[in-house]
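In: have a look at this prediction, sequence included:
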Number of protein chains: 2
Amino acid sequence: MRVINKNIYIKSGLMKNKVLLNTLMRLDNTVIITDNLVPNVYVENLRAIFHNKEIEVIKLSAGEDNKNLLAIEAIVANLLCCKLDRFSTIIALGGGVVGDLTGFAAAIYMRGINWIQIPTTLIAQVDSAYGGKTGCNYRGKKNVLGAFHFPKLVLVDPEYLKTLSNREYTAGLAEVVKYGMACDKDFFEWIETNKISIKNRDSLMLQKLVISCCEIKMRFVTLDPLDQKERMVLNFGHSFGHALEAATSFSHYLHGEAVAIGMLLAARLAVRIGMLERDILGRLQNLLEYFELPTECLLINVLCDYISCDKKNYGNILNLILPYALGKVKVVSEISIKSLEGLLQSYVE
Amino acid sequence: MRVINKNIYIKSGLMKNKVLLNTLMRLDNTVIITDNLVPNVYVENLRAIFHNKEIEVIKLSAGEDNKNLLAIEAIVANLLCCKLDRFSTIIALGGGVVGDLTGFAAAIYMRGINWIQIPTTLIAQVDSAYGGKTGCNYRGKKNVLGAFHFPKLVLVDPEYLKTLSNREYTAGLAEVVKYGMACDKDFFEWIETNKISIKNRDSLMLQKLVISCCEIKMRFVTLDPLDQKERMVLNFGHSFGHALEAATSFSHYLHGEAVAIGMLLAARLAVRIGMLERDILGRLQNLLEYFELPTECLLINVLCDYISCDKKNYGNILNLILPYALGKVKVVSEISIKSLEGLLQSYVE
């Protein structure tokens, strides 16, 4: 088993190891928060860890369009009903949406209680389960409410990835490619070399993939937990991606799909302004296409309205994360909304 | 001027010192959050600090019964409309309710932005403006949602206290007495000695009072910012006080009034179980009566239902803060809900 730091455990089959789980999670009174996409057997296996105890399960509606304040209220109302106190711990069993909502509820219930993440999707296992970002969408704006609230424990079983739908799995691969493109040339080339077995979800490959992504992410999170400097490179593809999700009411694209398109837009923009070689854009596009991720952008002509509300901006200055080499991106603040509009418009024409 | 630490400035007339305020608050884009009890002239004077700039003012409805999620939503919706970003700072100008709500909104907007507290009531100047506790009530439970989110700056002008209604001023004195009773015998005796000029709101006395309370509070907050050990003594009177506020739908008592009654209930309980000398209870009661604080408890027979939901509890164990000497309190965990019910019932009969 790989223990990335004292809080993160990754191993195929981990969630079947009752003895270990029982040692790691000594909880008096807890609640499991999950959604209707998580297989029931995972929920029941988790409840079985706490034998002799009646554990409440809160089942949320899946999907980014349900990541809102109503869901947060539903969770905290349930925690109150279950009489959870300041010393209680709650458990998120699910993908990115379940994790973001549970973490945010944990951050504000009784001014903050502990929580545990058990990610079940690829995107959660390689990205959202680490790094303490929690939150929800509000008034059509992505993650505009939330908190940095790190889970006390993250338990990752890559075997869970075998039961994901193709679409869910593929969406997660966008974040995997992001790590290579934004921060690690060697990892990008490793993905290129192993793309067949990655697509086939070979067990050993899944575990290696998850561990590598987690290690890359934690390198940046440790340097800059509050996402103000070094960590910002991990937002590559996300300004455009979030704008695209918002423009389509969080109901058309999965997050990873929007990030795939976002990375391509950022890379094309970088080529256009002479920052990136066209050949690297080509390698990015090839990899995304091989994984069957979407690469064409809907609603490109309205994206600017949404990008101007991005959390990374400072006043009227856009902070775009653009690539300048394989495995290298930087924050570019020189592009005005006006000129970005022009650049995006040229794709439409 | 007294600078308690690099963030807290206390001085009579501080809010008239435009040059200093301008140096302390260099803000590009901000919003002032206040309520309908704060004199308009304070709001206009504050806006004038940021000359040449259009500063939005959000005016909330005053009162603990408006300290709810709806108010939080109203604030964050306004921050979005004003296009505030992750690097913006917002300002709370008002009493405890305005501070708690503004701080909570700042804690969750874009995963946390900076905020400044300018407390206008006695209770805010001696207590709630320091220590980073923010939040709102939810489903009839006091402060059950919230966050620890320390203001970047606290600006305290005791001259503001001159325009408070007698009822508002008196309510704040309950927290002043609390510091003496719970943590500082000398301070309690100083209040007894100076009670006349305290009641008369003499300028020098007000400044001294506010500085002393702030210094006592910050001693405990520094030791234990997250209120898990040493800081808990400051909750003396608050288990009963919060229960009483909740039982009366947050609309009958001001917070300080409920705390006054809560301190008396706690002290009477301590006498009853042989922990405290009756003479000290008498001195507490005399002081509260001199300040014309309420000392009789409404709805005492339902308080237990509310106390069992207190944030300080652990599972079914009540954590009550009880006095055992002048200036000394401790956490008592041996009293069950059942026996507390009996003790409270005996007051009713």
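Out: That came through fine.

In: for the residue lying closest to A:Ser308 once chain neighbours are set aside, give its distance to A:Val302.
Out: Distance criterion CB to CB, 6 or more residues apart in numbering or on different chains; nearest residue to A:Ser308, sequence neighbours excluded, is A:Ile337 at 5.5 Å. Backbone N, C-alpha and C define where each C-beta goes, glycine included. Counting by CB to CB, to the nearest Å, the gap between A:Ile337 and A:Val302 amounts to 13 Å.

In: got it, and A:Val31?
Out: 40 Å.

In: same drill for those two, tell me which one is more crowded.
Out: Between A:Val31 and A:Val302, counted using other CB atoms under 10 Å in any protein chain shown, the more crowded position is A:Val31 (21 against 15).

In: and the more buried one, bridged to which residues?
Out: With DSSP bridges as the criterion, A:Val31 is bridged to A:Glu56.

In: read off the pLDDT value for it.
Out: Note on A:Val31: pLDDT of 96.

In: surely it meets A:Ile55?
Out: Yes: between A:Val31 and A:Ile55 there is a contact under CB atoms under 8 Å: 7.1 Å.

In: skip the chain neighbours and tell me the closest residue to the residue nearest the centre of chain A.
Out: Centroid check for chain A by CA atoms, centre = their mean gives A:Ser128 as the closest residue, at 3.4 Å. What sits nearest to A:Ser128 in space, not counting adjacent residues and going by CB to CB, 6+ apart, is A:Gly96, at 4.0 Å.

In: max-length strand in chain A?
Out: Determined from DSSP state E, the single longest strand within chain A is strand A:141-148.

In: list the buried residues for that one?
Out: For strand A:141-148, the neighbour count (16 or more other CB atoms under 10 Å in any protein chain shown) marks A:Lys141, A:Lys142, A:Asn143, A:Val144, A:Leu145, A:Gly146, A:Ala147, A:Phe148 as buried.

In: can you show me the CA trace of that strand as CSV?
Out: Only the C-alpha atoms of strand A:141-148 are listed here, as CSV (Å, rounded to 0.1, in the frame of the first residue of the first chain):
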residue,chain,number,x,y,z
LYS,A,141,-20.9,30.4,-10.9
LYS,A,142,-18.7,27.4,-10.4
ASN,A,143,-17.4,26.8,-6.8
VAL,A,144,-18.0,30.4,-5.8
LEU,A,145,-18.9,29.3,-2.3
GLY,A,146,-16.7,27.0,-0.3
ALA,A,147,-13.7,26.6,2.1
PHE,A,148,-10.3,25.0,2.3
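
In: I'd like the next helix or strand past it.
Out: With elements assigned by DSSP states H and E, the helix or strand that comes after strand A:141-148 is strand A:153-156.

In: what pairs with that following strand, parallel or antiparallel?
Out: Strand pairing (DSSP bridges) places strand A:153-156 next to strand A:8-10 (parallel), strand A:114-119 (parallel).

In: tell me the mean pLDDT for that strand?
Out: In this model, strand A:153-156 carries a mean pLDDT of 98.

In: tell me the gap between the helix or strand that it is followed by and the middle of its chain.
Out: Toward the C-terminal end, the helix or strand that comes next after strand A:153-156 (DSSP H and E) is helix A:166-183. Remark: helix A:166-183 is offset 10 Å from the chain centroid, using CA atoms, centre = their mean, to the nearest Å.

In: buried set for helix A:166-183?
Out: A:168-183.

In: helices or strands up against that helix?
Out: helix A:122-123, helix A:185-193, helix A:203-223, helix A:255-272, helix A:278-290, strand A:320-325, strand A:328-332 (3 or more CB pairs under 8 Å, 6 or more residues apart in numbering or on different chains; DSSP states H and E).

In: just the CA trace of the fifth one, in PDB.
Out: Translated: helix A:278-290. This file holds the C-alpha atoms of helix A:278-290, laid out as PDB (Å, rounded to 0.1, in the frame of the first residue of the first chain):
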ATOM      1  CA  ARG A 278       2.300  23.700 -32.500                       C
ATOM      2  CA  ASP A 279       3.800  20.200 -32.200                       C
ATOM      3  CA  ILE A 280       3.000  20.100 -28.400                       C
ATOM      4  CA  LEU A 281      -0.600  21.200 -29.000                       C
ATOM      5  CA  GLY A 282      -0.800  18.300 -31.500                       C
ATOM      6  CA  ARG A 283       0.500  15.800 -28.900                       C
ATOM      7  CA  LEU A 284      -2.100  17.000 -26.400                       C
ATOM      8  CA  GLN A 285      -4.900  16.800 -28.900                       C
ATOM      9  CA  ASN A 286      -3.900  13.300 -30.000                       C
ATOM     10  CA  LEU A 287      -3.900  12.000 -26.500                       C
ATOM     11  CA  LEU A 288      -7.300  13.500 -25.700                       C
ATOM     12  CA  GLU A 289      -8.700  12.200 -28.900                       C
ATOM     13  CA  TYR A 290      -7.300   8.700 -28.200                       C
END
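
In: and it, which residues are buried?
Out: Buried residues in helix A:278-290, counting neighbours by 16+ other CB under 10 Å, are found at A:Ile280, A:Leu281, A:Arg283, A:Leu284, A:Gln285, A:Leu287, A:Leu288, A:Tyr290.

In: ok, then the element right after the helix or strand containing A:Ile58?
Out: Using DSSP H and E, A:Ile58 maps to strand A:56-60. For strand A:56-60, the succeeding helix or strand toward the C-terminus, using DSSP H and E, is helix A:69-81.

In: now the angle from that next one to helix B:69-81?
Out: Angle, helix A:69-81 to helix B:69-81, by axes from the mean of the first three to the mean of the last three CA atoms, to 10 degrees: 150 degrees.

In: which helices and strands sit right next to whatever helix or strand comes next after helix A:69-81?
Out: Downstream of helix A:69-81, the first helix or strand assigned by DSSP H and E is strand A:89-94. For strand A:89-94, the packing partners by 3+ CB pairs under 8 Å, 6+ apart come out as strand A:31-35, helix A:40-49, helix A:96-108, strand A:114-119.

In: and A:Ala92, what does it touch?
Out: By CB atoms under 8 Å, 6 or more residues apart in numbering or on different chains, A:Ala92 lies in contact with A:33-34, A:98-99, A:101-103, A:115-119, A:151.

In: beta partners of it?
Out: A:Ile33, A:Gln117.

In: please list the residues of the stretch 101-250 of chain A that sit near chain B.
Out: Along the stretch 101-250 of chain A, the residues adjacent to chain B under the rule CB under 8 Å from any CB of the partner chain are A:104, A:107-112, A:133-135, A:138-139, A:141, A:143-148, A:226-227.
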